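1. The amino acid sequence is not available; the structure is as follows:
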């Protein structure tokens, strides 16, 4: 078993044991960054529907920040590509083959301005350990080359920090990590 896979297993168990519900105020630290970068214009924000003890990003929809966003969720295609499609709070979702909820009705795919990125662990350099499918890294590697304006924010609990994750050439460094202790 590779070091990354050992860490995935460790942090999945660790997150399940230490999970706690967050308050909507968890997202307050990103408001200044987004308002400054996008000057109060409507922002295309990619989020995700939390599963497997991920931080409950749906709490974002209970904040005033949501008025600045058009929300998009990831959809994984049969060729293992990920794209983002608009989603509104009461739109129907379906379960994909990975057990993840995604929009049922697909509109025009977009490239987000801001991406909230799920993770199992993160390190001091803002690298993330994902689930091993490479969907986010593949998407970011493709679009950051042509559009370096995507603001990437990993969403985690502070206990998911690891000193130095093993990385390879496909791993993408995130701009920020948001935890209950703030944004880094």
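-> That came in fine, so what should we check first? Only a predicted model underlies this, so the values are computations on that prediction, with no experimental measurement involved. Residues are numbered from 1 along each chain as shown.

2. Show me what the mean pLDDT comes to for stretch 12-25.
-> Predicted confidence along stretch 12-25 averages 96 (mean pLDDT).

3. List the buried residues in it.
-> The neighbour-count criterion (16 or more other Cβ atoms under 10 Å) identifies 14, 15, 22, 24 as the buried residues of stretch 12-25. For the C-beta atoms, the positions are set from N, CA and C on the backbone; glycine is no exception.

4. Stretch 40-51 now?
-> Neighbour counts over stretch 40-51 (16+ other Cβ under 10 Å) mark 43, 44, 45, 46, 47, 48, 49, 50 as buried.

5. Model confidence at the residue nearest to the first one when sequence neighbours are not counted, what's the number?
-> Distances taken as Cβ to Cβ, 6 or more residues apart in numbering place residue 113 nearest to residue 43, at 4.8 Å, with adjacent residues excluded. If you check residue 113, the pLDDT there is 95.

6. wait, what's in contact with residue 113?
-> 38, 43, 44, 45, 149, 150, 151 (Cβ atoms under 8 Å, 6 or more residues apart in numbering).

7. gap between it and residue 143?
-> Taken as Cβ to Cβ, to the nearest Å, the spacing of residue 113 relative to residue 143 amounts to 11 Å.
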